[in-house]
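1. pasted the sequence and its predicted model underneath.
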Amino acid sequence: MPGGRLTQQERQQIALGLADGLAYAQIARGLERPTSTVTREVMRNGGPTAYRAEIAHRATAHRAHRRRQATPRGLPGPGQAFGRDAEAVRAYEESFTTLLMQSGLPKMMSRVLTCLYTTDEGSLTASELVQRLQVSPASVSKAVAFLESQDLIRRERDERRRERYVVDDDVWYQSMTASARSAAQLAETARQGVGVLGSGTPAAVRLENIARFVDFVSESIARAAEQAREVLHTKPATASDSNA
């Protein structure tokens, strides 16, 4: 199976496959590449409807050039703590970012969230995010504001009174409960439509079915989040505790 960077010819094959409506897995098999490689290539270069082989090839060369400039030879790059392989860390971060984008998060928000997840401290300042991602402060500000509004990160001040953006175990609980609340609001709005459109009409029946489905899902999410929080965040009892 070929390794290394995609060639311009391979990118042209990806573009042709997308034009023919092929799935990423089919395109990858034709190239003898992992599906994740094709998925990442397409998602970071405009997505399936906007992907262009020539533009993607130039953009990749430009990103590689910027990385070489950002990390001068002889200096340790990010991801080398604990003896990590910097290139493997970078590839993993790209894969994680692609996955978040596929789930619906915009690209910059996905990059910021991945950066926070893969940081040992679990928190970074705005200036640290700017430095790590090589983007403008405005881009970081917009991304963290969106992520905070979705309860995917939280902010706190450190001992130097600097604002830090944090991901921890409780953030996912907060995000899940926020998702459950949002779903419950959708169910309530759908039920309001039943009264407006007339009970028993085809449109009202459709909205009632939506409300019942979303109600069930939101209740399940809220219950599962509470149970997971209890099980995963409760420290096991020690021998001294049980003897007390």
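-> Done, it's in.
2. only C-alpha atoms from now on, for both contacts and neighbour counts.
-> Will do.
3. chain neighbours aside, what residue packs nearest to residue 102?
-> Closest residue to residue 102 apart from its sequence neighbours, by CA to CA, 6 or more residues apart in numbering: residue 43 at 7.9 Å.
4. and the one you found, what does it touch?
-> Shown here is residue 43, whose contacts under the criterion CA atoms under 8 Å, 6 or more residues apart in numbering are 98, 101-102.
5. can you give me the pLDDT of it?
-> According to the model's per-residue confidence, residue 43 sits at a pLDDT of 83.
6. quick one: pLDDT of the residue minimising distance to the centre of the chain?
-> Here the mean C-alpha position of the chain is nearest to the C-alpha of residue 100 (CA atoms, centre = their mean), at a distance of 2.5 Å. In the predicted model, residue 100 carries a pLDDT score of 84.
7. and it, how far from residue 207?
-> Counting by CA to CA, to the nearest Å, the separation of residue 100 from residue 207 is 30 Å.
8. residue 45 too?
-> Look at residue 45 and residue 207: by CA to CA, they are 38 Å apart.
9. neighbour-wise, which of those two wins?
-> residue 207 (21 against 17; other CA atoms under 10 Å).
10. and the strand or helix carrying that one, what does it pack onto?
-> In the assignment (DSSP states H and E), residue 207 maps to helix 202-233. In this structure, helix 202-233 packs against helix 169-197, with contacts taken as 3 or more CA pairs under 8 Å, 6 or more residues apart in numbering; DSSP states H and E.
11. can you mark which positions in the helix it packs on are buried?
-> Judged by neighbour count (16 or more other CA atoms under 10 Å), helix 169-197 contains these buried residues: 171-181, 183-188, 190-191, 193-194.
12. domain map for the protein?
-> 1-71, 79-167, 169-233 (automatic domain parsing).
13. so where's this protein uncertain?
-> Of all residues in the chain, those with pLDDT under 70 make up the ranges 1-3, 63-80, 233-244.
14. strands of that one, residue ranges please.
-> Remark: strands assigned in the chain by DSSP state E are 123-125, 154-157, 163-166.
15. what angle separates the helix holding residue 207 from helix 169-197?
-> Relative orientation of helix 202-233 with respect to helix 169-197: 160 degrees, computed using axes from the mean of the first three to the mean of the last three CA atoms, to 10 degrees.
16. show me what contacts the nearest residue to residue 226 once chain neighbours are set aside?
-> In space, and not counting its chain neighbours, residue 226 is closest to residue 173: 7.8 Å by CA to CA, 6+ apart. Applying CA under 8 Å, 6+ apart, we find residue 173 in contact with 225-226, 229.
17. could you redo the last one with a cut-off of 10 Å?
-> Taking CA atoms under 10 Å, 6 or more residues apart in numbering, we find residue 173 in contact with 151-152, 179, 222, 224-226, 228-229.
18. does residue 147 touch residue 116 like I think?
-> No: contact status for residue 147 versus residue 116: not in contact, 11.4 Å apart, counting by CA atoms under 10 Å.
19. what do these two both touch?
-> 110, 153, 165.
20. my guess is the second one contacts residue 171. True?
-> Yes: at 6.2 Å, residue 153 counts as touching residue 171 under the criterion of CA under 10 Å.
21. correct me, but residue 140 touches residue 112?
-> Yes: with contacts counted by CA under 10 Å, residue 140 reaches residue 112, the gap being 7.4 Å.
22. relative to residue 190, how far out is residue 59?
-> Computed with CA to CA, the distance linking residue 59 and residue 190 is 44 Å.
23. typed the wrong thing, it's residue 81
-> From residue 81 to residue 190 the distance is 51 Å (CA to CA).
24. just residue 44 next, same as before
-> When CA to CA is applied, the distance between residue 44 and residue 190 equals 36 Å.
25. hmm, back to that, show me the contacts of residue 43 that map onto helices.
-> Counting by DSSP state H, the part of those found in helices is 98, 101-102.
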